[in-house]
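In: Fold the following and give me the result.
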Amino acid sequence: MDAVLEAAQAAARAGGAVLRSMQGSFGVARTKSSRVDFVTDADIAAGVAACRAIAERIEGATFVVEEPEVYGRAGVPRGELGRGDVWVIDPLDGTTSFVHGYPCYSTSVALVRETQPVVGAVYNAALDELASAETGSGADLDGVPLAVSSVARLEDALLVTGFPYDRGRPFEVQMRVLARVARVAHDIRRDGSAAVDCCEVAARRVDGFWEFELKPWDLAAGVVILREAHALVTGTDGRPWDIFTPGIVAAGPALHDVLLEAVLDAQR
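Out: Down below sits the predicted model:
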């Protein structure tokens, strides 16, 4: 196995092991950007474990981590998106689910080269599942190859989405899109971890995913897994996705443009 992919997998598992050990005793929960945007002691501890797992394996690694406290506690250097290779980590994607004991939360780890992820691993800690991929080598879930569905109509599609922390205009836009898509789609799910949502599309458990107002660490690992499972991935505006794109529309080739058109139509 490639050493970089192995490092990503080890880091995702290390962070996830912390989450599993702290579920139900996660320390202090405090808010960040809004009343519904939490950070816990588990976020920090998982980030430290993930970063150290990479630093032990990859000499000179630099990092972009959702929780800034992690850099000092892990003793790792901060990197910069868009400049060379940088490890992008979300120690706990799905904090609200984690806090409430809802079984969908993950540690997400990606190596981003300039503006694109090239290696990714997402450990669904609640289910003890690891999805991972490296550009050009395919994607797998615990060793089983992944490939997206061939569903071509919204009427036949099970979709997944999420809601922005900003409950102002971004929330209103998402409500319009949700109403537009829900009228047509077979059904819609919402689990609370964008990284897991990406993997669910890659694993053919759902057929498509869209969401607004996401961060690089929410999507970096999931996007490379999606692409290696043969999904099409764009922003919610239809433009090509890169690490600075704040939203996502992802689905199999037969469904992507249909889902994208519904998302665009609701924003007009």
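In: residues touching the nearest residue to Asp166 once chain neighbours are set aside, list them.
Out: Nearest in space to Asp166, with sequence neighbours left out and distances taken as C-beta to C-beta, 6 or more residues apart in numbering, is Glu213 at 6.2 Å. Every residue, glycine included, has its C-beta placed from N, CA and C. Glu213 is in contact with 164-166, 170, 246-247, counting by C-beta atoms under 8 Å, 6 or more residues apart in numbering.
In: Quick check, pLDDT for Glu213.
Out: The model reports Glu213 with a pLDDT of 93.
In: That one should be in a strand, yeah?
Out: No: using DSSP: H, G, I helix; E, B strand; the rest coil, the assignment for Glu213 is coil, not a strand.
In: if I look at it, how far off is Val177?
Out: Separation of Glu213 from Val177 (C-beta to C-beta, to the nearest Å): 12 Å.
In: give the contact list for the spatially most central residue of the chain.
Out: The centroid of the chain falls nearest to Ala195 when counting by C-alpha atoms, centre = their mean (2.1 Å). Shown in contact with Ala195 (C-beta under 8 Å, 6+ apart): 90, 93-94, 106, 108, 122, 218-219, 221-222.
In: before we move on, what about Arg176?
Out: Applying C-beta under 8 Å, 6+ apart, the residues contacting Arg176 are 266-267.
In: Now it: which helix or strand?
Out: According to DSSP states H and E, Arg176 maps onto helix 169-182.
In: And that helix, what's buried?
Out: Judged by neighbour count (16 or more other C-beta atoms under 10 Å), helix 169-182 contains these buried residues: 170, 173-174, 177-178, 180-181.
In: Not counting stretch 56-71 itself, show me its contacts.
Out: Residues from elsewhere that reach stretch 56-71 (C-beta under 8 Å, 6+ apart): 3-4, 6-7, 10, 39, 43-44, 47-48, 51, 54-55, 76-81, 84-91, 112, 215-217.
In: All the helices of the stretch 151-268 of the chain, in order from the start?
Out: Ranges of helices in the stretch 151-268 of the chain, per DSSP state H, counting those that start in this stretch, are 169-182, 194-202, 216-228, 256-267.
In: Please work out the average pLDDT along the third one.
Out: Right, the one you point to is helix 216-228. Mean pLDDT, helix 216-228: 98.
In: chain center to it, what's the gap?
Out: Chain-centre distance of helix 216-228: 6 Å, with C-alpha atoms, centre = their mean, to the nearest Å.
In: still on that earlier bit, could you point out which of the buried residues of helix 169-182 is nearest to Asp142?
Out: Val181 (30.6 Å; C-beta to C-beta).
In: roughly how far apart are the closest one and Thr236?
Out: Val181 sits 12 Å away from Thr236, going by C-beta to C-beta.
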